[in-house]
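S.K.: everything below, folded, please.
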Amino acid sequence: MKIASDPDISLGRVHEEKPCTIRSNFQRDRDRVIHSKAFRKLQNKSQVFFSTTNDIFRTRLTHTIEVSQIARTIANHLGLNIDLCETIALAHDLGHPPFGHTGEERLNDLMQEVSGFDHNFQTLKLVTVLERQYVKFSGLNLCFESLDGIVKHNGPIDEKDKAIRLFWDENIALGEGGGEHHLSLFPSLEAQVASLSDDIAYCAHDIADGHEAGILSYTNLRTSPFFGEFLVSEQPREYHDSLSVGQGCRDLIRYLVNDLIFQTQKNIKDLQKNASGTKTSNLIAFSSGTVKKVVELKKYLFKNLYRSKEINIMRSQAEEIINTLFEYYLDNLDDIPLSFMENKYYSKFKSFRHRKLNLVGDFIASMTDKEALETFGQIKISVK
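M.R.: Numbering: from 1, shown residues only. This is a model prediction of the structure:
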């Protein structure tokens, strides 16, 4: 049974283009993501810490690169399409606003009148209608398979997600097989790999950054669920704690990658033996024991890092900045660049209020931490 996605039988692109003579459809998509403005902006968007905090801490860009590297390794070993897997991994966080999940949560609250804000949906909007650098079309005009993987890498789109379904139907559906109903199906195996590679990457490197910041002490990590298993051996006295934590993070990644590959191979063999299901069912998975361990590790990180005193101070600052920017731009729409204002996408909103909310939300989401901090400072000075 062939399990890899085939670029030669792609459902195509929304805007028809001549094939590239030297790259496959998926290779071309990967290159377009890397060369996009949204991808470059990830270098100054938060992962856990503000991107302006420390040059060593991960940003959304370095996180994305690590996810891509892990995804490539897994895809290669499983015989999946590496280029599609890499495209989805590289694009998966393009829609993140400044200040990470805190920025996303605030925008979601502020935009409830227009179905809220979700960074996966925002990524889909970016690569289809918001990114502007081609003469013949808006967005990146990616293949259907790339778009499908981007919006569904965390699983099928629920019937309740009416905003995504409506957007898909209006902007992406490519005839038979590409319509809105396709959103209810499981994503490709390449998309599933990208999703779990994301989990592997941030579980490990958030620990490393938390320790580097002095929030997660070596003693605390020794007793942490799951990760503590990689720090149980006595280290030579001449080794600094950071070296042991770094080695533990690498061992954690290796363990998770190997576990995922082994369990997935077992799932595929079982599928072939039983001749039931399809290749797009949930085949990419950790073993049941590892799933439980990862859940416990995530709970630990949420309590001890993501909701630590130090991070909560940043969260409060981020909330104030997003609130101020949103209120300001709602009242000063003309201060949004014409490149945003003139996008034909916004003309579809019949309500001026809804047009404004979407325009302001999309503009703020496009900002880096640095841009948001500088604009916030300018607004504060102007109102004194």
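
S.K.: and stretch 261-277, which residues are buried?
M.R.: Taking 16 or more other C-beta atoms under 10 Å as the neighbour-count basis, stretch 261-277 is seen to contain the buried residues Ile261, Gln263, Thr264, Asn267, Ile268, Leu271. C-beta coordinates here come from the backbone N, C-alpha and C atoms, glycine included.

S.K.: can you list the weak-confidence ranges in this structure?
M.R.: Across the chain, the stretches falling below the confidence threshold (pLDDT under 70) are 1, 174-181, 232-239, 275-281, 383-384.

S.K.: how is it partitioned into domains?
M.R.: Domain segmentation of the chain under automatic domain parsing yields 7-189, 312-382.

S.K.: so which of those domains is nearest Glu296?
M.R.: Between Glu296 and those, the shortest gap by C-beta to C-beta is with domain 7-189, which sits at 19.1 Å.

S.K.: circling back: so which of the domains of the chain is the most packed in?
M.R.: Neighbour counts (mean count of other C-beta atoms under 10 Å) averaged over each of the domains of the chain peak at domain 7-189, with a mean of 20.

S.K.: how far does that one sit from the chain's center?
M.R.: Distance of domain 7-189 from its chain centroid, counting by C-alpha atoms, centre = their mean, to the nearest Å, is 8 Å.

S.K.: need the residues that contact stretch 186-200.
M.R.: Stretch 186-200 is contacted by residues 3-5, 67-68, 70-71, 74-75, 78, 80-81, 84-85, 88-89, 92, 145, 148-150, 152-156, 253, 256-257, 260, 278-286, 294 when judged by C-beta atoms under 8 Å, 6 or more residues apart in numbering.

S.K.: er, stretch 161-177 I mean
M.R.: Residues outside stretch 161-177 that contact it (C-beta under 8 Å, 6+ apart): 11-12, 14, 114-115, 118, 121, 124-125, 128-129, 144, 147, 151, 157, 159, 178-180, 182-183, 348.

S.K.: isn't there a helix covering Val257?
M.R.: Yes: the secondary structure assignment for Val257 places it in a helix, going by DSSP: H, G, I helix; E, B strand; the rest coil.

S.K.: that one touches Ile70, doesn't it?
M.R.: Yes: using C-beta atoms under 8 Å, Val257 and Ile70 qualify as a contacting pair, with a distance of 6.5 Å.

S.K.: of the domains of the chain, which is nearest Ala201?
M.R.: For these, distance to Ala201 was read as C-beta to C-beta. The smallest value, 4.5 Å, belongs to domain 7-189.

S.K.: what's the first-to-last distance across that closest one?
M.R.: Terminal residues of domain 7-189 lie 14 Å apart, using C-alpha to C-alpha, to the nearest Å.

S.K.: can you check stretch 143-163 too?
M.R.: Stretch 143-163: ends 21 Å apart by C-alpha to C-alpha.

S.K.: again with stretch 295-310
M.R.: With C-alpha to C-alpha, one end of stretch 295-310 sits 23 Å from the other.

S.K.: setting aside sequence neighbours, what's the nearest residue to Thr368?
M.R.: Using C-beta to C-beta, 6 or more residues apart in numbering and skipping the chain neighbours, the partner closest in space to Thr368 is Asn44 (3.6 Å).

S.K.: list of residues touching stretch 137-145?
M.R.: In this structure, residues lying in contact with stretch 137-145 by C-beta under 8 Å, 6+ apart are 5, 7, 10-15, 17, 25-26, 29, 32-33, 36, 84, 87, 126-132, 134, 150, 172, 174, 178, 188, 343-345.

S.K.: does the most centrally placed residue in the chain count as helix, strand or coil?
M.R.: With the centre of the chain defined as its mean C-alpha position, the nearest residue by C-alpha atoms, centre = their mean is Asp93, 2.8 Å away. Under the three-state scheme (three-state DSSP), Asp93 adopts coil.

S.K.: in the stretch 101-250 of the chain, mark out all the helices, start to finish.
M.R.: For the stretch 101-250 of the chain, helices defined by DSSP state H, counting those that start in this stretch occupy the ranges 119-125, 144-152, 162-171, 189-212, 218-222, 241-274.

S.K.: now tabulate these in CSV and tack on distance to Leu107.
M.R.: Formatted as CSV, the entries for those read as follows, by distance: least, C-beta to C-beta, whole Å:
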stretch, distance to Leu107
helix 119-125, 9
helix 144-152, 18
helix 162-171, 14
helix 189-212, 20
helix 218-222, 32
helix 241-274, 31
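
S.K.: identify whichever of those lies nearest to Thr62.
M.R.: Proximity of the helices of the stretch 101-250 of the chain to Thr62 was assessed by C-beta to C-beta; the nearest stretch is helix 189-212, lying at 8.1 Å.

S.K.: what separates the closest one from the chain centre, distance-wise?
M.R.: A distance of 11 Å separates the centroid of the chain from that of helix 189-212, by C-alpha atoms, centre = their mean.

S.K.: what's in contact with stretch 361-376?
M.R.: Outside of stretch 361-376, the residues within contact range by C-beta under 8 Å, 6+ apart are 38, 41, 43-46, 50-52, 95-99, 103, 107, 110-111, 114, 117, 119, 122, 125, 130, 320-322, 324-326, 329, 336-337, 340.

S.K.: can you rerun that using 7 Å?
M.R.: Under the contact criterion C-beta atoms under 7 Å, 6 or more residues apart in numbering, stretch 361-376 has outside partners 41, 44-46, 50-52, 95, 97-99, 107, 111, 117, 122, 130, 321-322, 324-326, 329, 336, 340.

S.K.: phi, psi for the residue nearest to Arg32 when sequence neighbours are not counted please.
M.R.: Once flanking residues are discounted, Arg32 sits nearest to Leu140: 4.5 Å by C-beta to C-beta, 6+ apart. Backbone torsions of Leu140, given as degrees, to the nearest 10, read phi -100, psi -10.
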